[in-house]
Each structure stands twice: as structure tokens, then as C-alpha cells.
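J.: The following block contains a protein sequence and its predicted model.
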Amino acid sequence: MPKTKSMTENLLKPSELSQRLKGTSVLSSQQIGWKGISVEQYQYAPSLGKTEEKEIPGLSAHWLILPLGHPGHLSQKSDNRLHESLFQKGDSLLVPARKPTYWRCPASQLSFTELHIHLQQETIAKVAKSSEIDTKQSDLVNHFRKQDLQLQHIAMLFLAELQSGGIMGRLYVESLTQALVIHLLRHYSEVAQIVTPQETSLTHTQLQQAIDYIHTNLDRDLSLSQIASVINISPTYFASLFKRITGTSPHQYVIQQRVERAKLLLSKTNLAIADIALQVGFSSQSHLTQQFRRLTGVTPKQIRLSALD
């Protein structure tokens, strides 16, 4: 059934949610400019002698909540079903878009920290379509206090990227977002039936075009959609096929090529290491050093010194 304009306007935006929650946003991806997804770290002050009760109208985006600190008792009512439990680190809670909810939090002497991830409905639909998942059967459903190690891993990668100020760039965040959406569609939807795509590989020409584009634009903040558009296929499908052929994700391939180009410039030029970092697409010298050491076991400075011997 198509949504009317009034139904859409009545939905609460994620940016308006903090006023209802009475918490403090410690970190937010809104300042970094991530698209299709927002990630926030929330802090709640102790509610001494007072039970907090809230009614939250339906949101315009899907809402994923993960506790980061002290455990706390939580009650949630959705679709006339009441859920009550101790909510603690390792748990997760998914509230689908458009679903109004009621919350009850008993008084506590402790402060609480949570990670909130909001996924736009358009992001879910776009990834579902490009991943050959039937969008008519992929509505997300409410999950209360679910233990999911893979989901936790993806969420902690988002948190680390948020804490770094977005050091890894757009391509990394897009890749994480797609991994999160596909995981939710497979495990948190009513039915997520994957249809086998007709094409099962990239042609040699397509692969070479994508690689050439990456090498030509290493100094830019590359995105998955930009690379995939060169060969006119969906970003999610491209990422899957690229990894199948090369054995590595587009994001990791880009990092590897940046390190290789930096290694060449360190050996053959007198450019400052900070300038080389920017020239090959890293956000800073420290980012270059981190990835360089991870892939080669040595630092850029050590490569520069050995070239001078």
C-alpha cells in the first residue's frame, strides 16, 4: 500500500529523536556527512528514584540500539507485545521504521551509554534491489535483546570509524553500510529470499575498467557507487563480484594500492611523508603509517631511510 504524504510527514525523524529520549549525543556521524545512515553514541544520566516512561511515534528510519556500558532493565511494547529484560552489552534491539513504541526504564543510579544506528528506508530498498533480494518480502521486524556477534562486529567498526572522525573515508562507510543492510535483510526481515543473479562474474574488461578507475583516482575519497558506475552495475553487486574474483573487497584493494604507490614515492622521490599521504589518498600521515605498518610490517619512515642507504 503506498504511503500518503500525511503518513510520511507524521513520522519522527532521527534528528528529532534526541528530544524524546532526553539523552546526550556524545558523538554523531551527522558532522561527518555519512549518507543513508546515521550513527550516534548516546549518554543517559542516572534517573535517581524515577522510572522513565516514553512513547515514541513511528520513525522515518530503521532504528538499531546497542548498549555499550552498564546493563539496565528495559521494557518495550510494540505491536501490542510487551518485552522485558536486562539490556546489556552484546545485546541489540531493532525497531523498524514506522513502528510506534512504548518504553519503560526503571530508576537507576548508573549512567548508560548506547550506540544508535539509523538506516534510511531508501538505503534498505536500494541495497535489497541491487543484491537481488525481493524488496516486497524484506520488511524488517522488531527484535528485542538479540545476541548477534556479526551484528556487534559491524556496529563496533562503525563506532571506531565515528570515534576516528571518519578517517577511513566514504568507501569504507559505504561497504560497512551494505554489509549491515544485507545482514539485517537476511536475519531480521519477514522473508528475505535471495534470487540468483543472471551474471555471476565480471568480464575481464569490466574488472580492468574498475581497476583503472581506482588507480587514476587514488588521491580522491572514492566511493563504491563511483567505482561501480564506471561499469554500470549496482554497488553491492560490484563489491560481491570484485571480492569473488580478486579475493579482497574493493575497500581493502584501494588501501593496498595506496600503500604500494606510497612505497614507490618514498623510494623514488624526496616528497615529505605527509605530502605523500595526501597524494595517495590517505587523510593524514598517521593514517598512512597505520595502514602501511599493517600491510608491510614497517613504517614509511623506515622505507625512506632504507632508500637513502
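T.: All right, it came through fine.
J.: Quick one: residues contacting residue 215.
T.: residue 257 (Cβ atoms under 8 Å, 6 or more residues apart in numbering). Quick note: C-beta positions are derived from backbone N, CA and C, even for glycine.
J.: Could you list the buried residues of the helix or strand it falls within?
T.: In this structure, residue 215 sits in helix 204-216 according to DSSP states H and E. Going by neighbour count (16 or more other Cβ atoms under 10 Å), the buried part of helix 204-216 is 206, 207, 209, 210, 211, 213, 214.
J.: before we move on, what about stretch 179-186?
T.: So stretch 179-186, judged by 16+ other Cβ under 10 Å, has buried residues 179, 180, 181, 182, 184, 185.
J.: which among those residues gets closest to residue 113?
T.: Residue 113 lies nearest to residue 180 out of these, by Cβ to Cβ, at 20.2 Å.
J.: Where does that closest one fall, secondary structure wise?
T.: According to DSSP H and E, residue 180 maps onto helix 170-187.
J.: contacts for that helix?
T.: The contact list for helix 170-187 (Cβ under 8 Å, 6+ apart) reads 34, 36-37, 62, 64, 94, 117, 119, 123-124, 127-128, 131, 133, 138, 140, 148, 150-151, 154-155, 157-158, 161, 166, 192, 194, 221-225, 227, 235-236, 239, 249-251, 254.
J.: Weed out the non-buried ones from the residues you listed.
T.: 34, 36-37, 62, 64, 94, 117, 119, 123-124, 127-128, 131, 133, 138, 140, 148, 151, 154-155, 157-158, 161, 166, 192, 222-225, 227, 235-236, 239, 249-251, 254.
J.: In CSV, could you pull the C-alpha coordinates for stretch 54-69?
T.: The C-alpha trace of stretch 54-69 is given here as CSV (Å, rounded to 0.1, in the frame of the first residue of the first chain):
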residue,chain,number,x,y,z
LYS,A,54,8.3,7.3,26.9
GLU,A,55,6.0,6.8,23.9
ILE,A,56,8.0,7.1,20.6
PRO,A,57,6.0,7.6,17.4
GLY,A,58,7.0,5.7,14.3
LEU,A,59,10.3,6.8,12.9
SER,A,60,11.1,7.6,9.3
ALA,A,61,14.2,5.3,9.5
HIS,A,62,15.0,1.9,11.0
TRP,A,63,16.5,2.2,14.5
LEU,A,64,19.1,-0.1,15.8
ILE,A,65,20.2,0.2,19.5
LEU,A,66,23.2,-1.4,21.1
PRO,A,67,24.2,-0.9,24.8
LEU,A,68,27.9,-0.1,25.4
GLY,A,69,28.2,0.3,29.1
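J.: For that stretch, the averaged confidence score.
T.: Average pLDDT, stretch 54-69: 90.
J.: Among the buried ones among the contacts of helix 170-187, which ones are in helices?
T.: Among the buried ones among the contacts of helix 170-187, the ones falling in helices (DSSP state H) are 123-124, 127-128, 151, 154-155, 157-158, 161, 224-225, 227, 235-236, 239, 250-251, 254.
J.: what angle sits between the helix holding residue 180 and helix 204-216?
T.: Angle, helix 170-187 to helix 204-216, by axes from the mean of the first three to the mean of the last three Cα atoms, to 10 degrees: 130 degrees.
J.: Quick one: distance of helix 170-187 to the chain centre.
T.: Put simply, helix 170-187 sits 6 Å off its chain's centre (Cα atoms, centre = their mean, to the nearest Å).
J.: before we move on, back to that, just the buried residues of helix 204-216 now: which is nearest residue 80?
T.: residue 210 (49.5 Å).
J.: Give me the distance between the closest one and residue 254.
T.: Distance, residue 210 to residue 254, using Cβ to Cβ, to the nearest Å: 11 Å.
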